[in-house]
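K.L.:
Fold the following for me, if possible:
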Amino acid sequence: SYSINRDGEKIFSSHFRYDKPTIVIINEYCFSDAEIFPAAFKELKLGKLIGVPTFGAVIGTNDITLIDGSGFRVPGTGWYRISGKKLENVPVEPDIYIENTPEMEGSSSDNQLRKAIEVLLQEIEEEK
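P.N.:
The predicted structure is shown next:
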């Protein structure tokens, strides 16, 4: 991934390489950095994304404090995939779509985690 400051300069992020089976679980509660990471993970083909699309709220902002102590945030940095496709308003899509139902909220049951374990075990078995 890379970011672009207001002056138009591209800044690339460095990512490590781990070659064992890996999965990232994403959902609609993933915002900002929690979208940048899975976007780069998918772009670099480090593993599968499981869950539902992220929120689509990636934009770098700066805090501005006014003289009265109140404040607001000003957008200043856009984030893009290596392909040039922006991340703002474009959710990161999972490779395997699977939802958790509203009834699962607050319980120990998790369809996404269960599917991630199933896929990881299958990939580990295929590696042997």
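K.L.:
longest single helix anywhere in this structure?
P.N.:
As assigned by DSSP state H, the longest helix anywhere in the chain is helix 111-127.
K.L.:
quick one: buried residues of that helix?
P.N.:
The neighbour-count check on helix 111-127 (16 or more other CB atoms under 10 Å) flags 112, 113, 115, 116, 119, 120 as buried. (Glycine included, C-beta is placed from N, CA and C.)
K.L.:
For the spatially most central residue of the chain, grab phi and psi.
P.N.:
Centroid-nearest residue in the chain, with CA atoms, centre = their mean: residue 35, separated by 2.4 Å. When read as degrees, to the nearest 10, the backbone of residue 35 gives phi -110, psi -30.
K.L.:
swap in residue 85?
P.N.:
The phi/psi pair for residue 85 (degrees, to the nearest 10) is phi -70, psi 130.
K.L.:
helices or strands up against the longest helix of the chain?
P.N.:
Helices and strands touching helix 111-127, by 3 or more CB pairs under 8 Å, 6 or more residues apart in numbering; DSSP states H and E, are strand 23-26, strand 48-51.
K.L.:
Tell me which of those is the most buried.
P.N.:
When the helices and strands packed on helix 111-127 are scored by mean count of other CB atoms under 10 Å, the highest mean neighbour count falls to strand 48-51 (a mean of 24).
K.L.:
can I get the CA coordinates of the helix or strand following that one in CSV?
P.N.:
The helix or strand immediately downstream of strand 48-51 is strand 60-65, counting by DSSP states H and E. Provided in CSV are the C-alpha atoms of strand 60-65 (Å, rounded to 0.1, in the frame of the first residue of the first chain):
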residue,chain,number,x,y,z
GLY,A,60,-5.7,10.1,6.8
THR,A,61,-6.7,13.1,9.0
ASN,A,62,-5.0,15.7,11.2
ASP,A,63,-6.4,17.1,14.5
ILE,A,64,-6.9,20.9,14.5
THR,A,65,-7.4,22.6,17.8
